[in-house]
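In: Below is the sequence, then the predicted model.
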Amino acid sequence: MADGASSSGGARDGGESVVIDYGRRRTTCGYCRSSGPTSISHGMWANSLKADDYQALLDRGWRRSGCFLYKPEMERTCCPSYTIRLKANDFICSKEHGRVLKKMQRFLDGELDPQVGSPQCKASPTKRSLSEPLNSPTSKVSKVSANEFQAATCPNFLKEDEFICCLSNKINEAIDTYFQGVILGSTVQLPKAVVKTVKPQVKKKVGEAMQENKAGVQDLVYTCNISFQIMAAVRRALPKEKNANQTEVLADLSPNSVAEKLVMTMERLGGLAGFEVKACNGHLNFYSAGNLAMQNHTSVVVPAQASDKASRSKQSSVNKISAKHPQKRKSLEIRMSTSHFDQEEFVLYRKYQTKVHKEKTVTESSYRRFLVDTPIVFVPPKSGDNTVPPCGFGSFHQQYRIDGKLVAVGVVDILPKCLSSKYLFWDPDFAFLSLGKYTALKEIDWVKTTQEHCPSLQYYYLGYYIHSCNKMRYKAAYRPSELLCPVRYEWIRYDLAKPLLDKSQYSILSDYATMQDETPQPQICGPSDDSLAKIDHHESPSDEDDEDLNDYESDIMVDEVLVDSEKADTTECGSSIKDIENITLDLNGSKVKYKDLQQVFGPIERRHVNALGGQLSRYAKVVGKELSDRMVYCLS
């Protein structure tokens, strides 16, 4: 984290908080899928926001989507959303969470191989994308379903080795990844790769042409000429009169350069255990890495035909194509950086939204507004100051990388009392690792560790809990959790609040003590491991993905065009003049308190004063008098 001087007012100041026009918004609910605008919330835009002030807003039920702040109007909205948090030091790891941690550890240790058709690869072939790699974690390969699986995924290769299908899909993945950064236009339909087995007579010709040693040529197993097909498709699709960008693109493209770029991309993406890929005169050649592995004393997955002894081993009974040997341990790295646009993150986000949420269009501008833009003023750490964590306060992106490959990004806010999780997006190819649950557990550990340097930072905020939405109830499994009372803003243990929510989806949670029923005994309450296992068993693969996402706050992306500022009625003040008289207003750069308006600007028509007073009254009511007095309200 870069060092820097803190803003005026001390390390915990972070400048001033400036918000714009309070109003209401009505939208279609993303939880109950209502047909009309039944989701009602308070809303306002923020130019800048101090970390302390956003913490105070969280503790009054607010959340942010980019620079837009919103709070459900609990009495009127269709799905009341309660802020939920967990004290990190009190967290009790459930059996389900323990299984997630062990699964990740096994994967990193090389003991978990989703290519072999392990139990976690539950996706049925009929729901699988045809472009999905054969060794995708969501694939299902077994002795019983092998033929059916090949028919659903690779109809042109029913009689070919499964490795051919696997390598073809690996090349297609590399094509998609590489050409995302190349401007070709929507008219270019790139061909799909076809991998062929290299026949003995071809090996002989290659050896004579390249003057390679006999052993090296014998290691050549498969080849693909996709680079030539790509160049032909590009030339056919582009118009005869090309613009400057297209001319520049074509100048940089040739079968040789495309092949070299695809080799580099495939090596970066990984997943080619047992093979070494080389670009040769525009072709992609795959060599068996068995001999190379023996020279380097490294264990790899060896093709069955490359080792007769391996194919006869007991381990080959699990997978007749490859003999399973201990894998090289993978490394997991977690990087944290202040919120900023990163092209690699955006590519992963687009892949996640299109594959998991089936979005047709994902734009860079919507991504920036949702997950990059933030009003929270960054406060850097200060040496010897235990009121600010080592990373500082502000909005951050946590990157999770496995062997250098970006597999997940958690968008979080680090505040004086908590780490607030905002959103998580991950690589669908790694869905079998339950990255939503795993990253949540890592963030809880982060809070525990950081508390040693910043004692005030004790809580993990999971976003909103919606009792009326079954797929959101899993958040109570992070226990012992607390829910925020929507009226008195007190934190109530989940086990005490649950009986109220079972009776009514909107409840004043702090009324639990007045219930006629016997007050439940203090205990850690939440979905049991058995119930979670039951849900996982009956959910479809896509539902499991959504549940994994919801281990983080499933915020609804808010665009300006969706915001319906339903201004406060002048008769709906709900607060006395004393509640708003000290609100500071920003009028074209001039800051003045509401009570001094007429003293500074002279007589103002009564109807304008009443309209402004009504608007500020509702603002003060939902924000709180203390917070409204110390924030600056900017009139647009």
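Out: It's in.

In: Apart from its chain neighbours, what residue comes closest to Leu435?
Out: Excluding its sequence neighbours, the residue lying closest to Leu435 (C-beta to C-beta, 6 or more residues apart in numbering) is Trp426, at 4.3 Å. C-betas here are computed from N, CA, C, even on glycine.

In: what about stretch 259-277, how long is it end to end?
Out: 10 Å (C-alpha to C-alpha, to the nearest Å).

In: So for it, mean pLDDT?
Out: Averaged over stretch 259-277, pLDDT sits at 81.

In: And for stretch 605-613?
Out: 90.

In: Point out where the stretch 401-550 of the chain drops to low pLDDT.
Out: Scanning the stretch 401-550 of the chain for pLDDT under 70 picks out 515-550.

In: What segments of it are helices?
Out: 435-450, 494-503, 529-538, 541-549 (DSSP state H, counting those that start in this stretch).

In: hmm, who's touching the longest one?
Out: In this case it means helix 435-450. 86, 88-89, 91, 93, 96-97, 100-101, 104, 334, 389-391, 398, 400, 407-408, 410, 412, 418-419, 421, 424, 426-427, 457-460, 462, 478, 547-552 (C-beta atoms under 8 Å, 6 or more residues apart in numbering).

In: and the residues you listed, which are buried?
Out: For these, a burial check counting by 16 or more other C-beta atoms under 10 Å picks out 86, 88, 91, 96-97, 100, 104, 389, 391, 398, 400, 407-408, 410, 412, 418-419, 421, 424, 426-427, 457-460, 462, 478, 547-552.

In: And the residue nearest to Leu435, how close does it get to Gly410?
Out: 9 Å (C-beta to C-beta, to the nearest Å).

In: Now list whatever residues contact both of those two.
Out: Here Trp426 and Gly410 have 400, 439 as joint contacts, going by C-beta under 8 Å, 6+ apart.

In: tell me the SS of Lys330?
Out: coil (DSSP: H, G, I helix; E, B strand; the rest coil).

In: For it, list the residues it contacts.
Out: Contacts of Lys330 (C-beta under 8 Å, 6+ apart): 107-110, 402-403.

In: just Tyr352 next, same as before
Out: 425-428.

In: Could you list which of the residues you listed belong to strands?
Out: Using DSSP state E, the subset of those located in strands is 425-426.

In: Would you convert the contacts of Tyr352 into CSV that also reports distance to Gln505?
Out: Below are the contacts of Tyr352 laid out as CSV (distance: C-beta to C-beta, whole Å):
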residue, distance to Gln505
Phe425, 29
Trp426, 30
Asp427, 35
Pro428, 32
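
In: hmm, which two among the contacts of Tyr352 are most spread apart?
Out: Phe425 and Pro428 (9.8 Å; C-beta to C-beta).

In: So between these two, which is more surrounded?
Out: Neighbour totals were compared for Phe425 and Pro428, and Phe425 leads with 25 against 19 (other C-beta atoms under 10 Å).

In: thought Leu585 was touching Leu597?
Out: Yes - contact criterion C-beta atoms under 8 Å: Leu585 and Leu597 qualify, at 7.3 Å.

In: pLDDT below threshold where in the protein?
Out: Ranges of the chain meeting pLDDT under 70: 1-14, 115-162, 180-188, 204-218, 238-252, 271-273, 289-327, 515-575, 636.

In: Pop the domain breakdown of it in here.
Out: Following the TED database, the chain resolves into domains at 22-112+333-512, 577-634.

In: what's the spacing between the nearest residue to Lys196 once chain neighbours are set aside and Gly23?
Out: Once flanking residues are discounted, Lys196 sits nearest to Thr223: 5.9 Å by C-beta to C-beta, 6+ apart. From Thr223 across to Gly23, the span is 63 Å (C-beta to C-beta).

In: just Asp219 next, same as before
Out: In terms of C-beta to C-beta, Asp219 sits 68 Å off from Gly23.

In: same check, this time on Val609
Out: As for Val609, its distance to Gly23 is 19 Å (criterion: C-beta to C-beta).

In: who has more neighbours, those two?
Out: Shown here are Val609 and Gly23; by other C-beta under 10 Å, Gly23 has more neighbours (18 against 15).

In: Surely that one forms part of a strand?
Out: Yes - counting by three-state DSSP, Gly23 is part of a strand.

In: how far away is it from Met74?
Out: According to C-beta to C-beta, Gly23 and Met74 sit 17 Å apart.

In: Quick check: which element contains Leu86?
Out: strand 82-87 (DSSP states H and E).

In: Trp426 bridge partners, please.
Out: On the basis of DSSP bridges, Trp426 is bridged to Ala408.

In: Settle this for me: it is touching Ala408, isn't it.
Out: Yes - Trp426 is in contact with Ala408 according to C-beta under 8 Å; the separation is 3.9 Å.

In: Find residues that contact each of the two.
Out: With C-beta under 8 Å, 6+ apart, Trp426 and Ala408 have common neighbours 400, 435, 439.

In: So which of those is the closest to Glu490?
Out: Of all the shared contacts of Trp426 and Ala408, Thr439 has the smallest distance to Glu490: 29.5 Å, by C-beta to C-beta.

In: Now tell me what touches the host helix or strand of Ser395 from outside.
Out: Of the helices and strands defined by DSSP H and E, Ser395 is found in strand 394-402. Defining contact as C-beta under 8 Å, 6+ apart, one finds that strand 394-402 is touched by 51, 108, 330-340, 342, 345, 371, 374, 376-379, 406-414, 422, 426, 430, 435, 439, 443.

In: Can you point out the buried residues in that strand?
Out: So, applying 16+ other C-beta under 10 Å, buried residues of strand 394-402: 394-400, 402.

In: picking up where we left off before, and the strand holding Leu86, what other elements does it pack with?
Out: Other elements packing on strand 82-87 under the criterion 3 or more C-beta pairs under 8 Å, 6 or more residues apart in numbering; DSSP states H and E are strand 459-465, strand 481-484.

In: Quick check: which of those strands is nearest to Ala279?
Out: strand 459-465 (46.8 Å).

In: Who does that closest one pair with, and is each partner parallel or antiparallel?
Out: By DSSP bridges, strand 459-465 pairs with strand 82-87 (antiparallel), strand 418-426 (parallel).

In: what helix or strand does the closest residue to Ile577 other than its chain neighbours sit in?
Out: Setting aside the residues directly before and after it, Ile577 is nearest to Gly613 in space (C-beta to C-beta, 6+ apart), at 7.4 Å. Take DSSP H and E as the rule and Gly613 turns out to sit in helix 606-623.

In: Dump the next helix or strand after that helix to PDB, keeping only the CA atoms.
Out: As assigned by DSSP H and E, the chain's next helix or strand after helix 606-623 is helix 625-630. What follows is helix 625-630, C-alpha atoms only, in PDB (Å, rounded to 0.1, in the frame of the first residue of the first chain):
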ATOM      1  CA  LYS A 625     -29.900  13.600  13.200                       C
ATOM      2  CA  GLU A 626     -26.300  13.200  14.400                       C
ATOM      3  CA  LEU A 627     -25.100  12.000  11.000                       C
ATOM      4  CA  SER A 628     -27.200  14.600   9.000                       C
ATOM      5  CA  ASP A 629     -25.600  17.400  11.100                       C
ATOM      6  CA  ARG A 630     -22.100  16.400  10.200                       C
END
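
In: for helix 625-630, packing partners?
Out: Helices and strands touching helix 625-630, by 3+ C-beta pairs under 8 Å, 6+ apart, are helix 51-58, helix 577-580, helix 606-623.

In: how about 7 Å then?
Out: helix 51-58 (3 or more C-beta pairs under 7 Å, 6 or more residues apart in numbering; DSSP states H and E).

In: and of the helices and strands packed on strand 82-87, who's closest to Ala620?
Out: That would be strand 481-484 among the helices and strands packed on strand 82-87, by C-beta to C-beta, at 19.1 Å.
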